[in-house]
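Visitor: sequence and predicted structure, then a few things I'm wondering about:
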Amino acid sequence: MSTTPPSKVFIKTFGCQMNEYDSSKMADVLKAARGYEQTQELDDADLVLLNTCSVREKASEKVFSDLGKLKAWKAAKPGRMVGVGGCVASQEGDAIIRRAPAVDLVFGPQTLHRLPELIDQTQRTQRPAIDVRFPEIEKFDRLPEPRAEGVTAYVSIMEGCSKYCTFCIVPYTRGEEISRPLDDVLAEVDALLAQGVREITLLGQNVNAYNGAMGDGGRCDLALLLHILARFDGLGRVRYTTSHPAHFTDALIEAYGAIPQLDNQLHLPVQSGSDRILAMMKRGYTQAEYLQKITRLRKLRPTISLSTDLIVGFPGETDDDFEQTMQLIQLAKFDAAFSFVYSPRPGTPAANLRDSVPADVKQARLERVQAAVRAHGDAFAARLVGTVQSVLVTGASRRGNGQLTGKTPCNRAINFDGPAIGGERLIGQFVEVRVTDSLTNSLRGDIVVADAALMS
C-alpha cells in the first residue's frame, strides 16, 4: 500500500535573529498542523516561504528579486505555493500580490501561526490569502511546544517596538511593544533545557524594555528575568538582543556584576556619535550618556565585547557630525558593528527629509567606520590569545580532522582539537580552552584538560 509523501517547505530567512526565530516557528507550525517537512533543496519543496526584512532598502529589493525567480519554479510543478512573511509583508500587504502575482500567501510576524489556515484558504478559493494584522500576543499562545535543534536556542520574550526612531520601519511592521508573561517565558526555557539546550538567547526588537506580567500581578523587567533564569539548573549561558541604550538601566548594568551566566558580550546599537543627529533620529540619549553607561559596564566587566549598529549619511549629516561618530568609535572601542549607509524607508519620518549627503561621501564615511571598527576588533581578538576561555562546545568543526567548535563567553567562534576518541561526548558541555591564535572570523585554541585520560 503506497502512502503519499509529506509535503515539504523551503524557508529563506532575511534579517535579524527575530526572523530566524520566526522561521523556526513557521517550520514547527507547519509540521504540527499539516505534516510539512523542512527541506534545504528548493526543487524538492512544495511550498516556499520568504521571511523578509525591510530595515534596509536592499533587503526588501532582494525579496522581490527572489520572487521574480520563483515564478518559473512555481510554474514547473502544479500545486506549488509561494508565501511572503515578515516585515516586508507587513509593510506592503496586498501590494506584494500586485507586484509579484505568483505569491499565494502574505502574512506578518504576528500571524505566522495562522499559516495552515491561510494555506487551506488559498487552496480552497484559488486566490491569495493575506493576513498582516497585529493580534497582540496570540501568536505565542498558538505556537507548538518549543523544539530544540542543538545546544543553543532563541526565546522571543517580546514583540514590536514603541520607540519610533525616525529612520526605523519596525514599529510599523511589527507593531507596538508587547511583552510575553513571565510564566510563559520560563516554561519555554524550561522545555528547551529539558531537551539539552545549554545557552539561551532572549529576543526582542527592544528586548531590554521587557515588561512581562507576573502571576502575583507585578511586572518583570529584563534584569529581574536574568536573575530568575540564572537559577535554572542546566542553563550555562544567557544572552539577549537587541538592546536600546535608553532602556539600558542601572539594574541591567548591575546584573553583569552579579550573574556569571550572563554572556560577556553586549550589542548596544548607538547609530551615531553626533548629539544633533541622535536628536533628529529621536534616539533619546546623547553621546556622553551612552559612554557613561559603557564606562559603568566596563567597571564590572573589563573584558566585555561591545558591538553596535551605525548609520552613516543620515540626512543633514555634516563632516563634523561624522567626526563625532568616529570619536565615539575610538572612545567606546567597538570590536564589531553592523554599519550601513542610510537608506530611506517609506512611511518613516526621516523619509521626508532631504537626503543631502552625496553617495560618494556616504561610501567614504562607511569605509572609515568599518576600518576603525575592524582595527578595534582585531585588537580585541589579539588580547584573547593566551587566555583560557570557558567554551560551550556546539559541534564538530567544519575544518574536520576531529576538531570541535564552540563559542567563547564573548560570543567568538573558536575551533580546537577534540579528544582522540569520543569527542562528540563534549558537545553541549563547557570546556576550558586556551586561545592560541586569532584569525579574521574565528579563534584557534587548545583544550585545557585536568584529566589526561580525556584526550586519549
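Guide: Good, I have the coordinates. Keep in mind that what you see is a predicted model, and the values were worked out from it rather than measured. Numbering: from 1, shown residues only.

Visitor: C-terminal to the strand or helix carrying residue 376, what's the next element?
Guide: Residue 376 is part of helix 359-384 when elements are defined by DSSP states H and E. Using DSSP H and E, the helix or strand that follows helix 359-384 towards the C-terminus is strand 388-396.

Visitor: can you show me the helices along the stretch 101-250 of the chain?
Guide: Secondary structure of the stretch 101-250 of the chain, counting by DSSP state H, counting those that start in this stretch: helices at 115-125, 138-141, 170-174, 182-194, 222-229, 250-258.

Visitor: so for residue 26, which of the ones you listed sits nearest?
Guide: Smallest distance to residue 26 across these (Cβ to Cβ): 6.3 Å, for helix 115-125. All C-beta atoms are positioned from the backbone trio N, CA, C, and that covers glycine.

Visitor: buried sites along the closest one?
Guide: Neighbour-count burial for helix 115-125 flags 115, 118, 119, 121, 122 (criterion: 16 or more other Cβ atoms under 10 Å).

Visitor: chain center to it, what's the gap?
Guide: Distance of helix 115-125 from the chain centroid (Cα atoms, centre = their mean, to the nearest Å) equals 29 Å.

Visitor: tell me the buried residues in stretch 71-78?
Guide: Across stretch 71-78, burial judged by 16+ other Cβ under 10 Å covers 73, 74.

Visitor: quick revisit: pipe the helices of the stretch 101-250 of the chain into JSON lines and attach mean pLDDT and distance to residue 325 per row.
Guide: Below are these laid out as JSON lines (pLDDT from 0 to 100; distance: least, Cβ to Cβ, whole Å):
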{"stretch": "helix 115-125", "mean pLDDT": "94", "distance to residue 325": "42"}
{"stretch": "helix 138-141", "mean pLDDT": "68", "distance to residue 325": "37"}
{"stretch": "helix 170-174", "mean pLDDT": "86", "distance to residue 325": "22"}
{"stretch": "helix 182-194", "mean pLDDT": "95", "distance to residue 325": "36"}
{"stretch": "helix 222-229", "mean pLDDT": "98", "distance to residue 325": "27"}
{"stretch": "helix 250-258", "mean pLDDT": "97", "distance to residue 325": "23"}
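
Visitor: follow-up on the earlier one: can I get the buried residues of helix 115-125 in CSV with distance to residue 202?
Guide: Below are these laid out as CSV (distance: Cβ to Cβ, whole Å):
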residue, distance to residue 202
115, 25
118, 29
119, 31
121, 34
122, 35
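
Visitor: out of those, who's nearest residue 222?
Guide: residue 115 (29.8 Å).

Visitor: touching, the closest one and residue 27? I think so.
Guide: No: between residue 115 and residue 27 there is no contact under Cβ atoms under 8 Å: 10.0 Å.

Visitor: re the thing from before, pLDDT on the helix holding residue 376, on average?
Guide: Helix 359-384 carries an average pLDDT of 97.

Visitor: show me what that helix is packed up against.
Guide: The elements that helix 359-384 packs onto, with contact taken as 3 or more Cβ pairs under 8 Å, 6 or more residues apart in numbering; DSSP states H and E, are strand 305-312, helix 319-332, strand 336-341, strand 430-438.

Visitor: what's the closest of those to residue 100?
Guide: Closest to residue 100 of these is strand 336-341 (Cβ to Cβ; 25.5 Å).

Visitor: for residue 245, grab the count of nearby residues.
Guide: By the criterion of other Cβ atoms under 10 Å, residue 245 has 20 neighbours.

Visitor: related to what we said a few turns ago, hey, which of the helices and strands packed on helix 359-384 is tucked in deepest?
Guide: Among the helices and strands packed on helix 359-384, strand 305-312 has the highest mean neighbour count (mean count of other Cβ atoms under 10 Å), at a mean of 22.

Visitor: now the angle between helix 359-384 and it, please.
Guide: Counting by axes from the mean of the first three to the mean of the last three Cα atoms, to 10 degrees, strand 305-312 lies at 180 degrees to helix 359-384.

Visitor: so how far is strand 305-312 off the chain centroid?
Guide: With Cα atoms, centre = their mean as the basis, strand 305-312 stands 14 Å off its chain's centre.

Visitor: same check on stretch 22-39?
Guide: Between the mean C-alpha point of stretch 22-39 and the mean C-alpha point of its chain there is a distance of 20 Å (Cα atoms, centre = their mean).

Visitor: which residues touch that stretch?
Guide: 6-11, 13, 45-47, 49, 51, 85-86, 109, 112-113, 115-116, 119, 143-144, 147, 149, 154, 156 (Cβ atoms under 8 Å, 6 or more residues apart in numbering).

Visitor: just the ones of those in strands?
Guide: Mapping the contacts of stretch 22-39 onto strands (DSSP state E) picks out 8, 9, 10, 11, 13, 47, 49, 51, 85, 154, 156.

Visitor: I'd guessed the first one sits against residue 44; true?
Guide: To tie it back to what came earlier, the one meant is residue 8. Yes: assessed by Cβ under 8 Å, residue 8 is found in contact with residue 44 at 5.4 Å.

Visitor: CA-only coordinates of the host helix or strand of residue 446 in PDB, if you can.
Guide: Applying DSSP H and E as the criterion places residue 446 in strand 443-447. Taking C-alpha atoms only, strand 443-447 is exported to PDB below (Å, rounded to 0.1, in the frame of the first residue of the first chain):
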ATOM      1  CA  LEU A 443      39.800  31.800  17.100                       C
ATOM      2  CA  ARG A 444      42.000  28.800  17.400                       C
ATOM      3  CA  GLY A 445      42.800  27.000  20.700                       C
ATOM      4  CA  ASP A 446      43.900  24.000  22.700                       C
ATOM      5  CA  ILE A 447      41.600  22.300  25.200                       C
END
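
Visitor: and it, which strands flank it?
Guide: Partners of strand 443-447 in the sheet, by DSSP bridges, are strand 413-417 (parallel), strand 430-438 (antiparallel).

Visitor: got JSON lines for these, with distance to residue 345 and mean pLDDT too?
Guide: As requested, the strands paired with strand 443-447 are exported to JSON lines (distance: least, Cβ to Cβ, whole Å; pLDDT from 0 to 100):
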{"stretch": "strand 413-417", "distance to residue 345": "32", "mean pLDDT": "95"}
{"stretch": "strand 430-438", "distance to residue 345": "37", "mean pLDDT": "96"}
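
Visitor: coming back round to it: would you turn the ones in strands among the contacts of stretch 22-39 into JSON lines with distance to residue 413 and neighbour count?
Guide: JSON lines is the format used below for the ones in strands among the contacts of stretch 22-39 (distance: Cβ to Cβ, whole Å; neighbours: other Cβ atoms under 10 Å):
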{"residue": "8", "distance to residue 413": "31", "neighbour count": "17"}
{"residue": "9", "distance to residue 413": "29", "neighbour count": "23"}
{"residue": "10", "distance to residue 413": "27", "neighbour count": "19"}
{"residue": "11", "distance to residue 413": "24", "neighbour count": "21"}
{"residue": "13", "distance to residue 413": "20", "neighbour count": "20"}
{"residue": "47", "distance to residue 413": "33", "neighbour count": "22"}
{"residue": "49", "distance to residue 413": "28", "neighbour count": "25"}
{"residue": "51", "distance to residue 413": "24", "neighbour count": "29"}
{"residue": "85", "distance to residue 413": "29", "neighbour count": "27"}
{"residue": "154", "distance to residue 413": "18", "neighbour count": "20"}
{"residue": "156", "distance to residue 413": "24", "neighbour count": "23"}
